[in-house]
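In: pasting the sequence and the predicted model now:
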Amino acid sequence: MLTKINHIGIAVKSLDDAIPFYRDNLRMAFAGIEEVAEQKVRVAMLEIGESKIELLEPTSEESPVAKFIEKNGSGIHHIAYEVVDIEAAIAALLAGGARMIDEKPRGGAHGARIAFIHPKSSGGVLTELCQVGH
Ligand code: CMX
């Protein structure tokens, strides 16, 4: 069902402050910034091999990432696994009793279709399914 880790999402207060460490110190390839209005975040993408790090900066106090930072400070926010067929993956998870935040896919960065599993149903780790657009 899952093919690989697509990215790890890291909540940050400021992309401008966070990017230099990943780009200049860790020397990851910086692949640009995209605003995902639906999620109320600006996302900076950094590539490491075939995986990515997504730095997530909230664009509103109502953003889930703003709430996360308020409670926990900056840090790992979610892990995203790539799937080939997101509808089939959601159906299999629901059949297995998982609590889905999204029972239907929605739009994510770079045209991907995404769905989140609630952290209460995945051992405290917010988990994303991600079907990349081709
Ligand atoms: N990782 C682990 N646990 C988390 C969490 C996270 N990222 N965010 C919240 N939680 C926990 C809280 O700590 C809380 O636990 P307790 O009840 O033990 O205190 C519980 O989940 C509920 O949290 P809450 O603050 O009451 O609820 P929220 O209104 O903040 O909603 C969640 C939490 C996960 C449902 C919401 O953040 C959500 O729908 N997330 C999915 C969308 C998202 O995160 N988008 C941003 C990234 C977008 C992108 O990558 O493009």
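Out: Sure, I can see it.
In: does Ile90 count as helix, strand or coil?
Out: With DSSP: H, G, I helix; E, B strand; the rest coil as the basis, the three-state label of Ile90 is helix.
In: can you tell me the element the nearest residue to it once chain neighbours are set aside falls in?
Out: What sits nearest to Ile90 in space, not counting adjacent residues and going by Cβ to Cβ, 6 or more residues apart in numbering, is Ala115, at 5.5 Å. Where C-beta positions appear, they are placed from N, C-alpha and C, glycine not excepted. Per DSSP states H and E, Ala115 falls inside strand 113-117.
In: any idea how far the residue in the chain sticking out farthest from the centre is from the ligand?
Out: Farthest-out residue of the chain from its mean C-alpha position, per Cα atoms, centre = their mean: Ala95, at 23.4 Å. As defined by Cβ to the nearest ligand atom, to the nearest Å, Ala95 lies at a distance of 21 Å from the ligand.
In: show me where pLDDT drops low in this structure?
Out: By pLDDT under 70, the weakly predicted segments of the chain are 134.
In: please redo it, this time with the cut-off set to 50
Out: Low-confidence regions of the chain, defined by pLDDT under 50, are absent; no residue qualifies.
In: could you tell me which residues of the chain lie near the ligand?
Out: For the chain, the contact set with the ligand under Cβ under 6 Å from any ligand atom comprises 9, 36, 39, 41, 43, 54, 56, 64-65, 67-68, 71, 77-78, 101, 108-109, 116, 118-119, 124, 126.
In: give me that answer again for 8 Å
Out: Taking Cβ under 8 Å from any ligand atom as the measure of proximity, the chain contacts the ligand at 9, 11, 36, 39-41, 43, 54, 56, 63-65, 67-68, 71-72, 77-78, 80, 101-102, 108-109, 114, 116, 118-120, 124-126, 128.
In: now which of those residues would you call buried?
Out: Of the members of those, the ones counted as buried by neighbours, 16 or more other Cβ atoms under 10 Å, are 9, 11, 36, 39-41, 43, 54, 56, 63-65, 68, 77-78, 80, 102, 108-109, 114, 116, 126, 128.
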